[in-house]
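Trainee: Structure, please.
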Amino acid sequence: MSDTQAISNAVANLYNTYPFPPEPLLDEPPPGYNWRWNWLSAYQFCCGCKPSRQDVRILDAGCGTGVSTEYLVHLNPHASVTGIDLSSGALDVARERCQRSGADRVEFHHLSLYDVAQLPEEFDLINCVGVLHHLPDPIRGIQALAPKVAPGGLLHIFVYAHLGRFEIQLMQEAIALLQGDRRGDYKDGVHVGRTLFSLLPENNRILREEKRRWAMENHRDECFADMYVHPQEFDYTIDTLFELINASGLEFVGFSNPKYWSIDRLLGQSPELKERAEQLTEIQRYRLIELLDPELTHYEFFLARPPRTTMDWSSDEKLGAAIAEPNPCLHGWPAKSILDRDYQPLSLSDDQFQFMQACDGRQTIADILEQTGGELQMVRNLLDRDLVLLTPADE
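Mentor: Presented below is the predicted three-dimensional model:
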């Protein structure tokens, strides 16, 4: 048996023992949203406007127990969804989860990500969350996915970051040392890890970080095992991340948490250092940011397969002729106090609220402003905050 196959078998055994994620099964659609899994919202983030089609094909590559798959179905009511995973046990849970919540536009395949070429179609959106960093060869994995992205389509990826998971790595190695020949017995690994945490003194750095950041989710053995006794994990830095991205042959669109990656957030109070940072390459600036703020535990970003058309709304005439509607990923809408797509609280002014109420997906922005008396700059402010979707006039 090859090393690659042995690692793949070990990963499958982990998730057969502890199917992940362990979220409960519901007899109704799941609550809330993840805007990265909503085709309309994700497409506008990547291309600047609402997509022309909603009857798209979506692949959940490494779907686990179907938590993300279920959301992909319910958040995209016109899409067909496919889920693949290496663990047959996790897939059993995924099928039951989607059946119970009425997510009936999905089919599942017991398939390694390496073998995704066996699927006959290409996909407009591929979701690959928490998978590539668990492969024995992540570059081979991303190179398997890239040809399955349809022209103009998007690939959404989530992989671990090295700096923000440093204490996790220390505990992983400690558990592995104490398991010795029993490594691969995942129940024993959970037992060893929990015993270690019970023995560490209160001021221990690893214990402090576990309590501060992870303890709430890690009370479930499935989460503890995924974090601390996984048989295969690669944690990235910006440099190794872009080696992975470049190997895909796809276009890097951007990180889906752009506020973290703003140099102004860290150096905005020093024009001198900000000017020096602006002389760096884009990748060097990203590296500087993660060095100065090493709390980041993962990278989440979009890649695109050309051709990718992006919309520029700097023209008043073009913006005024666009059709507007509220972003579907706003919690509490319609109301003046809502949560944005990242679940951050925001308050709308009277003018903003009146404008957004009139955004029905049929009227142009110019027509709405004529009725409400608002300004185009206000619309640009709403667009910058991802509160509205825009359809160009020629569509």
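Trainee: hey, where'd the strands end up in this protein?
Mentor: Taking DSSP state E, the strands of the chain run over residues 57-61, 80-85, 106-110, 123-129, 149-160, 251-255, 298-304, 323-326, 337-339, 345-347, 388-391.
Trainee: Averaged pLDDT, stretch 293-305. What do you get?
Mentor: For stretch 293-305, the mean pLDDT works out to 97.
Trainee: Make 581 the starting number, not 1.
Mentor: In the new numbering, first residue 581, that becomes stretch 873-885.
Trainee: that older thread, out of the strands of the chain, which gets nearest to Ile945?
Mentor: When those are compared by CB to CB, strand 903-906 sits nearest Ile945, at 5.3 Å. The C-beta positions use only the backbone N, C-alpha and C, and glycine is treated the same way.
Trainee: my guess is Ser648 contacts Val711, does it?
Mentor: No: Ser648 lies out of contact with Val711 (CB atoms under 8 Å); the separation is 10.5 Å.
Trainee: I'd like the strands of the chain as a markdown table, with distance to Asp761 appended.
Mentor: Shown next, in a markdown table, are the strands of the chain (distance: least, CB to CB, whole Å):
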| stretch | distance to Asp761 |
| --- | --- |
| strand 637-641 | 34 |
| strand 660-665 | 29 |
| strand 686-690 | 30 |
| strand 703-709 | 33 |
| strand 729-740 | 27 |
| strand 831-835 | 41 |
| strand 878-884 | 32 |
| strand 903-906 | 58 |
| strand 917-919 | 50 |
| strand 925-927 | 52 |
| strand 968-971 | 56 |
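Trainee: I'd like those strands laid out as TSV, including mean neighbour count.
Mentor: Conversion of the strands of the chain to TSV gives the following (neighbours: other CB atoms under 10 Å):
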stretch	mean neighbour count
strand 637-641	26
strand 660-665	24
strand 686-690	17
strand 703-709	25
strand 729-740	21
strand 831-835	16
strand 878-884	21
strand 903-906	20
strand 917-919	15
strand 925-927	11
strand 968-971	21
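Trainee: how about those, which one is nearest Val809?
Mentor: Closest among those, using CB to CB: strand 729-740, at 15.2 Å.
Trainee: Parallel or antiparallel, list what pairs with the closest one.
Mentor: In the sheet, strand 729-740 lines up against strand 703-709 (parallel), strand 878-884 (antiparallel) (DSSP bridges).
Trainee: could those go into JSON lines alongside distance to Trp841?
Mentor: As requested, the strands paired with strand 729-740 are exported to JSON lines (distance: least, CB to CB, whole Å):
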{"stretch": "strand 703-709", "distance to Trp841": "19"}
{"stretch": "strand 878-884", "distance to Trp841": "10"}
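Trainee: measure the residue nearest to Ala641 when sequence neighbours are not counted to Ser681 for me?
Mentor: Distances taken as CB to CB, 6 or more residues apart in numbering put Cys708 closest to Ala641, at 4.3 Å, once the chain neighbours are dropped. Per CB to CB, to the nearest Å, Cys708 is found 22 Å from Ser681.
Trainee: Also Pro781?
Mentor: Distance from Pro781 to Ser681, by CB to CB: 44 Å.
Trainee: quick one, which of these two is more surrounded?
Mentor: Neighbour tally, Pro781 and Ser681, criterion other CB atoms under 10 Å: the higher count belongs to Ser681, 19 against 6.
Trainee: show me the contacts for that one.
Mentor: Leu605, Leu606, Asp607, Glu608, Pro609, Pro610, Glu650, His654 (CB atoms under 8 Å, 6 or more residues apart in numbering).
Trainee: again with Pro599
Mentor: Going by CB under 8 Å, 6+ apart, Pro599 touches Gly644, Thr645, Ser667, Gly669, Ala670, Asp672, Val673, Glu802.
Trainee: backbone phi and psi for the first one, please?
Mentor: In terms of degrees, to the nearest 10, the main-chain angles of Gly644 are phi 60, psi -130.
Trainee: For Phe882, which non-adjacent residue is spatially closest?
Mentor: Counting by CB to CB, 6+ apart, the residue nearest Phe882 is Val833, at 4.1 Å.
Trainee: tell me the contacts of the one you found?
Mentor: Phe625, Cys626, Leu734, Phe881, Phe882, Leu883, Ala884, Arg888.
Trainee: which residue sits closest to Ser667 in space, ignoring its chain neighbours?
Mentor: Ser667's closest residue in space is Tyr595 (CB to CB, 6+ apart), at 3.7 Å.
Trainee: Now do that neighbour against Val673, distance only.
Mentor: Relative to Val673, and taking CB to CB, Tyr595 is found at 10 Å.
Trainee: Then Glu870?
Mentor: 34 Å.
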